[in-house]
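Visitor: Got a predicted structure here, sequence first:
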Amino acid sequence: MSNAENLVISEEQRLFVTAREGVYELLGGSGGVCEKKLIPVRVNDLPRSFLKNGIAAHGNYLYLACAHVHQSDNPLLKAIMDDVNNVEQTSMGLLQIYLAAFTFHAESWIVRCDLRKTPAAFTDVLGSLPDNVLANGIAIDTQRRCLYVANSGPSLTPGIYRVPLEAAGVSVQDIPWCRPPGCKPNGLKIRDDTLYYTGNGIPAAVFGSVKINHDGSASEPQVIDTAALQVFDDFETVKQGFLIAEFGDHLGLQPGSLRFVSTRGRQLGVLKHPDLSKPCAVAVARQNGELVAAGDILIVNKNQGRVMVFKPDEPWRDSLAASAV
């Protein structure tokens, strides 16, 4: 899948992956071959090309973070510059996107797909983010009926925003809900009353947490783990801790890995493999499905545009299947 970026496993164990053309549902085909079914984005007000980044599932709905960089209306600049909204989000591609977003105007939206409709498509705009926000990772807070959005762009207001789930087409407040220090947030997940995040800064990648107060406000962010000169992308929460997709180093020279850390940041293990060059998203199957078994770890590998499956040994498999969130 071209520009595969993120993935989510729904409560019904359906597997969805974001890519350049839209969102693909991966299905089991004949002879054990994986089949792809495209779920397009069909929102009239959105530009023709845009980045499809974070994805989340809840109930009968999928939620997708979309971002578009208005490079310029100047025909000359259009002729000499590639459209960064179609750039593969490797280390060099991300640099191009950040430079363009810093120079030109950026817009972001959260769009929604009702999986009960046939054919399935993203047709509703749930919310519009403030100007110059580059929406990336998202997470759903079912208790407070809102959605958290990571702004990974080079704006003056990097941070995490909140979008109400109930209203459609709302404009989100300009002030971020939380600003994790020292990084631009990337991946987001919620467990209990805590929002966990990955983020990246010049000196190091950061994995941290933000306690959600009773009134819905954010507590002071806490750093759980760091990695000097590395890039953290998406992650998964499990009972023992977290599985973090470590994309590699800032320059894109080192291969990535899957990093397993405890709830207190102690490194429990690292998964490295020659085919696992640029992991950017990870999820754990909680139940047996068409393509995976309970406890399997699914990893999006950016360089090859593939979703890979890692099958842990039985002790790890049982524990992961029982505790994936």
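Guide: Cool, the structure landed.

Visitor: In this protein, what residue spans correspond to helices?
Guide: Ranges of helices in the chain, per DSSP state H, are 75-80, 91-103, 314-323.

Visitor: tally of neighbours for the closest residue to I190 other than its chain neighbours?
Guide: Excluding the flanking residues, the one nearest I190 by CB to CB, 6 or more residues apart in numbering is A139, at 4.9 Å. All C-beta atoms are positioned from the backbone trio N, CA, C, and that covers glycine. The local packing of A139 (other CB atoms under 10 Å) involves 21 other residues.

Visitor: list the contacts for A139?
Guide: A56, L147, Y148, L188, K189, I190, L195 (CB atoms under 8 Å, 6 or more residues apart in numbering).

Visitor: Now the fourth one. Nearest residue, chain neighbours left out?
Guide: Of all residues not flanking L188 in the chain, A139 sits nearest, at 3.9 Å (CB to CB, 6+ apart).

Visitor: beta partners of that neighbour?
Guide: Here A139 sits in beta bridges with Y148, as judged by DSSP bridges.

Visitor: Quick check, pLDDT for it.
Guide: As predicted, A139 sits at a pLDDT of 97.

Visitor: now it: how far from K52?
Guide: According to CB to CB, to the nearest Å, A139 and K52 sit 17 Å apart.

Visitor: How about I138?
Guide: Distance of I138 to K52, given as CB to CB: 12 Å.

Visitor: any residues in contact with both of these two?
Guide: A65.

Visitor: pLDDT weak spots in the stretch 51-200 of the chain?
Guide: Along the stretch 51-200 of the chain, the parts satisfying pLDDT under 70 run over 72-81, 91, 155-157, 167-171.

Visitor: now the strands for it?
Guide: Here the stretch 51-200 of the chain has its strands, by DSSP state E, counting those that start in this stretch, at 51-58, 61-70, 105-114, 122-128, 135-141, 146-151, 159-164, 170-171, 184-191, 194-200.
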